[in-house]
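1. Predicted model follows, preceded by the sequence.
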Amino acid sequence: MKNWLILVGICGILGACSTSIKEDANLVENLMRSKPKQFQTVLDSADFYEVQLIYTQINRDENNVPSFKSFYFNFDSSRYFYPASTVKLPAVLLSLEKLKQLNVQHLDKHTPMLHDSAYAGQLSVEKDTTSENNLASVAHYAKKILVVSDNDAYNRLYEFLGQADFNKRLRDKGFASTRILHRLERPLSRDENAHTEAVTFFQKHGPVYEQPMLVNENLYEASEKILKGKGFLKNDTLINEPFDFTYKNFYPLQEQQRLLRTIIFPQTVPSSQRFDITDEDRAFVLKYMSQLPRETQYPPYYQDTTYYTDAYCKFFMFGGKGSIPANIRIFNKVGDAYGYLIDNAYVVDFEKGIEFMISAVILSNKDGIFNDSKYDYETVGFPFLKNLGNVVYEYELTRPRKIKPNLTEFVFEYDAKLNSNN
């Protein structure tokens, strides 16, 4: 009896013992049901919370080649959710791809760029005081997106890509359900979002590439409306009607994880689905996806570690707050808006030899009122994603692997080597 109690205690520390969890099609649900205090409320009302989840195990062969096995919970590829900032990762990758394919002398991700306002709703940009040289560039915008999910940085890459090309490039790579229709945190009309700013790249000797204002002549037309909730706030007035998401961005969860796999493990997807970027650009993206704010000098996020904690944009396992152990790195993109919380992540523990992918969305909006900035992130969303990441991580600790992965590919030297206790 005493030995049995010790075993139970060990299992409690590690999470559910692998022998007590049935690894079948319901694995994710089984893991959550092993922790009823953490998950029972969401399990009982999964549709109300609009939860969707994909957990992908990764196994390596003797040549370190990965294979994948995915498990789903409450998954519906057609169910709409607002993707928030998760759309920023494809914007970064497509911007790097566009620069490479333009193949213009003296033009790369570090080339300074200007934005010109030529249409309603547009905003000109001449500099970026958060960069080392006070100038804007695709590289600096990408860094701000990948480290702290900067909205303005995304909008600038949206201008560079143009609405039509943004969507065409994604469709050509097989992301058929994704649609990118607007900038973020700027309430503009459909017509204004279809017109993107003129962009000029320049060096000391003058312009090296000039892109005029781009116009999407073929606006997306929805076949049916997407209405959510029971009310929304407009100009401080409550409108007792469902909120209309019909012409907002859509980026379904399975396409989010597939895109993540495309940049993490490009050799495992067909060449037609890969992003046409250099190895150096891929390393750049992976580095800043995993770099912590306190490791970032430009912008100087390291100066405010109270606000920009390690987990500022790491929802799985850490709930967006606090420090992260040095042996764990998370390559991810999060989103939060209108009560939706999303994280799409590749998690690595170099010390334990663990790697897995996990993507999830949850709606934290119990009252059904949108656009009122009163959401249940702290009581529902963040705890759910934190606990979910941990229950999967704990399971990975117990999951047998024939071959320990070689993860040196994902070890990077970050911009600022600061002590984790600073």
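-> Okay, I see it.

2. how about the helices of the stretch 151-300 of the chain, start to end?
-> 151-161, 163-172, 190-194, 253-264, 279-290 (DSSP state H, counting those that start in this stretch).

3. Over to residue 328: give its phi and psi.
-> Dihedral angles of residue 328 (phi, psi; degrees, to the nearest 10) stand at phi -110, psi 130.

4. Number of residues surrounding it?
-> Using other Cβ atoms under 10 Å, residue 328 has 19 neighbouring residues. The C-beta positions use only the backbone N, C-alpha and C, and glycine is treated the same way.

5. Return the residues in contact with it.
-> Going by Cβ atoms under 8 Å, 6 or more residues apart in numbering, residue 328 touches 317, 347, 348, 349, 350.

6. And residue 351, by the same measure?
-> Taking Cβ under 8 Å, 6+ apart, we find residue 351 in contact with residue 327.

7. swap in the one 5 residues further on?
-> Residues counted as contacts of residue 356 (Cβ under 8 Å, 6+ apart) are 55, 56, 57, 58, 346, 347, 392, 393, 396.

8. Repeat that for residue 214.
-> Residue 214 makes contact with 162, 163, 164, 165, 195, 196, according to Cβ under 8 Å, 6+ apart.

9. Also residue 191?
-> Here residue 191 is in contact with residue 219 (criterion: Cβ under 8 Å, 6+ apart).

10. ok, now residue 340?
-> Counting by Cβ under 8 Å, 6+ apart, residue 340 touches 50, 81, 82, 83, 84, 361, 362, 363, 364.

11. Go through those and name the one nearest residue 177.
-> Closest approach to residue 177 among these (Cβ to Cβ): residue 83, at 11.1 Å.

12. rewinding a little: residue 107 is nearest to which of the helices of the stretch 151-300 of the chain?
-> Proximity to residue 107 (Cβ to Cβ) singles out helix 151-161 among the helices of the stretch 151-300 of the chain, at 11.6 Å.

13. ok, residues contacting the closest one?
-> 85, 87-88, 91-92, 94-95, 98, 113, 115, 122, 125, 136, 138, 140-142, 144-145, 166, 169, 180, 183-186, 196-197, 199, 211.

14. Can you tell me which of those residues are buried?
-> By neighbour count, with 16 or more other Cβ atoms under 10 Å, the contacts of helix 151-161 hold 85, 87-88, 91-92, 94-95, 98, 113, 115, 122, 125, 136, 138, 140-142, 144-145, 166, 169, 180, 183-184, 196-197, 199, 211 as buried.

15. Bridged to residue 195, which residues?
-> Judged by DSSP bridges, the bridge partners of residue 195 are residue 215.
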